[in-house]
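1. here is the input, now give the coordinates:
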Amino acid sequence: MSPSPAPVDSARPVMDIIVQRQLDNMASGNGAYLETFLRMVKRAGMDIRIVLAPWQSFGNRPWASVHPRLDQYTREIVWPGTVQVGGRYWSLSPRVWKRFAVRLVQEAAIRLGAKITIRSYLGKEVSREEARIIAQVCDAARAAITLAEYSSTGPVLKQLKRPTIHACLMHDLLSDRTDRVRAAGQVLDFDETTLETELGWLSSCELVFFASANEMAKVRPLLPRAKLAWVPPDAPDYPSTDDTGAPRVVFIGTVHGGNTEALNHFLANVWPAVTAKAPGLELHIAGSIGKTLTPDQAALPGVKILGRVDKLESIGGANAIGIAPTRFATGVSIKVAEYLLLGMPTVAYPIALEGFGNALDGLVQVAPDDAAFAEEIVSLASDARRRKALSDKARAEARNALSHDSAIALVRSALTGT
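-> Here you go, the predicted structure:
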């Protein structure tokens, strides 16, 4: 069993981050964004300790690991009720193993044709018993700030006894996610919640960090006692991109409902109009989203499925036209930030930019509808000088537009009490 954590002896202040999900997948949006947040915390001068929920963090399987890209930012990882073997954490809880058995039965039924929706634990409030265990772990070592990842982990903060600043990281406003998924006619595969419930979870927080600028603006008047900050998505400092080669359209994405819907829509309603006017243009699809294409979609003119691309700079640059045909979204579109930081001229529907507020005004070409989206792509593909101008502007301005300076200043101010 994992030993009780020793008090952290550090000259730097410590932030405890309470997590109730698996952390082994960096292909997901919340994995990439958590990495962004950890980079910000380190730049603010803090050490990081991740405390995982003993049951809920396993999801539907009794083993898990922490991805090395996240592990590299942490001083310590504590997962109560586990044993670590071969780089993996294994649950010692009968309830987790029972949940795994149920999941196996469900999977077998699905393979036999049963229609079963497997629900994630996103948005599910951590139980009072589990919150008590997590709080005991956090209280055993000093932390200047204790942060709940997702509002549904907020109830843990109210059980803490040791003095610490309460905070939350809002990947999504979960109540907004519920509304948008319903409006898009999608199946809810997570726990439904309301804004009133979320505000209750956040009621003890002194600091709240948001992935989405527009969600922060919505919540600001509802949390008058808390200090709020936007932490924009970012990306590594990529090596210089290559501006040679023929113009091409690029879609980068992982497998999730919003990306799947966006790509299916683009292939059905935008790409045919593009290829009719620019028959030689290619569409490069990078990331795990490519495996969701049907044989007919993969056979469309110009479509190239790249799969996982380890060096994204190899597909960026002025001749790569990044697209964000997002029609339903929560949180923030990380792909838009990646396109810009890769020096790519970018086209997006307005909803893909909602999470950025006005930070990207002038950096992204906004298309209000399908026809305008196709026309903008064709225009960019035929105009090398305009592509290069937009690429240069993105390289020069995007990093500053997505700065973490305000969030870092808020963390430092909280630590000093100023």
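
2. any idea how far the spatially closest residue to residue 217 that is not a sequence neighbour lies from residue 216?
-> In space, and not counting its chain neighbours, residue 217 is closest to residue 357: 7.2 Å by CB to CB, 6 or more residues apart in numbering. For the C-beta atoms, the positions are set from N, CA and C on the backbone; glycine is no exception. Distance from residue 357 to residue 216, counting by CB to CB, to the nearest Å: 8 Å.

3. follow-up on the earlier one: can I assume the residue nearest to residue 217 is in contact with residue 213?
-> Yes: between residue 357 and residue 213 there is a contact at 3.4 Å, judged by CB atoms under 8 Å.

4. what about residue 110, distance to residue 289?
-> According to CB to CB, residue 110 stands 22 Å off from residue 289.

5. looking at these two, which one has more neighbours?
-> For residue 110 versus residue 289, neighbours defined as other CB atoms under 10 Å are more numerous around residue 289 (21 against 13).

6. for the residue nearest to residue 217, give me its contacts.
-> By CB atoms under 8 Å, 6 or more residues apart in numbering, the contact set of residue 357 is 213, 214, 217, 230.

7. all the helices of the stretch 1-150 of the chain, residue numbers only.
-> When assigned using DSSP state H, counting those that start in this stretch, the helices of the stretch 1-150 of the chain occupy the ranges 29-43, 68-71, 94-111, 128-139.

8. name the helices or strands packed onto the first one?
-> Applying 3 or more CB pairs under 8 Å, 6 or more residues apart in numbering; DSSP states H and E, we find helix 29-43 packed against strand 47-52, helix 68-71, helix 334-341, helix 405-416.

9. list the buried residues in the helix or strand of the chain with the lowest mean pLDDT.
-> Within the chain, no helix or strand scores below helix 174-183, which has a mean of 74 by mean pLDDT, DSSP states H and E. By 16 or more other CB atoms under 10 Å, the buried positions in helix 174-183 come out as 174, 175, 176, 177, 178, 180, 181.

10. after that helix, next one along is what?
-> Scanning forward in sequence from helix 174-183 by DSSP states H and E, the next helix or strand is helix 195-201.

11. the following helix or strand past that next one pairs with which strands, and in what direction?
-> Using DSSP H and E, the helix or strand that follows helix 195-201 in sequence is strand 207-210. Sheet partners assigned to strand 207-210 using DSSP bridges are listed as strand 165-170 (parallel), strand 227-230 (parallel).

12. could I get those strands as CSV with mean pLDDT?
-> As requested, these are arranged in CSV below (pLDDT from 0 to 100):
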stretch, mean pLDDT
strand 165-170, 97
strand 227-230, 97
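
13. pick the most buried one from these.
-> Ranked by mean neighbour count under mean count of other CB atoms under 10 Å, the strands paired with strand 207-210 are led by strand 165-170, which reaches a mean of 24.

14. and that one, how far from the chain's centre?
-> The chain centroid and the centroid of strand 165-170 are separated by 17 Å under CA atoms, centre = their mean, to the nearest Å.

15. hmm, who's touching that strand?
-> 15, 17, 34, 37, 144-151, 153-154, 157, 160, 201-202, 204-212, 215-216, 219, 231, 414.

16. helices or strands up against the least confident helix or strand of the chain?
-> Secondary elements touching helix 174-183 (3+ CB pairs under 8 Å, 6+ apart): helix 195-201.

17. so where's the stretch 201-350 of the chain uncertain?
-> Scanning the stretch 201-350 of the chain for pLDDT under 70 picks out the ranges 329-331.

18. try it again at 90.
-> Counting by pLDDT under 90, the stretch 201-350 of the chain has low-confidence residues at 233-245, 253-261, 287-288, 307-315, 326-335.

19. could you dump the strands paired with strand 207-210 into CSV and include distance to residue 195?
-> Formatted as CSV, those follow (distance: least, CB to CB, whole Å):
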stretch, distance to residue 195
strand 165-170, 12
strand 227-230, 15
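
20. what's the closest of those strands to residue 63?
-> Proximity to residue 63 (CB to CB) singles out strand 165-170 among the strands paired with strand 207-210, at 25.3 Å.

21. what is the orientation angle of the closest one with helix 29-43?
-> 140 degrees (axes from the mean of the first three to the mean of the last three CA atoms, to 10 degrees).

22. tell me the contacts of residue 66?
-> By CB under 8 Å, 6+ apart, residue 66 lies in contact with 23, 24, 50, 74, 77, 89.

23. point out the least confident one among these.
-> Least confident entry in those, by pLDDT: residue 24, with 88.

24. wait, that one touches residue 67, no?
-> Yes: counting by CB under 8 Å, residue 67 is a contact partner of residue 24 at 5.3 Å.

25. what's the overlap in contacts for the two?
-> Between them, residue 24 and residue 67 share no contacting residue, judged by CB under 8 Å, 6+ apart.

26. residue 221: how many residues sit nearby?
-> When neighbours are defined as other CB under 10 Å, residue 221 has 7 of them.

27. ok so, going back, could the helices and strands packed on helix 29-43 be laid out in TSV, adding mean neighbour count and distance to residue 364?
-> Output for these, formatted as TSV (neighbours: other CB atoms under 10 Å; distance: least, CB to CB, whole Å):
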stretch	mean neighbour count	distance to residue 364
strand 47-52	24	32
helix 68-71	14	27
helix 334-341	26	7
helix 405-416	16	21
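
28. where does the prediction get shaky in the stretch 1-150 of the chain?
-> Confidence mapping of the stretch 1-150 of the chain against pLDDT under 90 gives the ranges 1-11, 24-33, 59-60, 69, 86-87, 103, 106-124.
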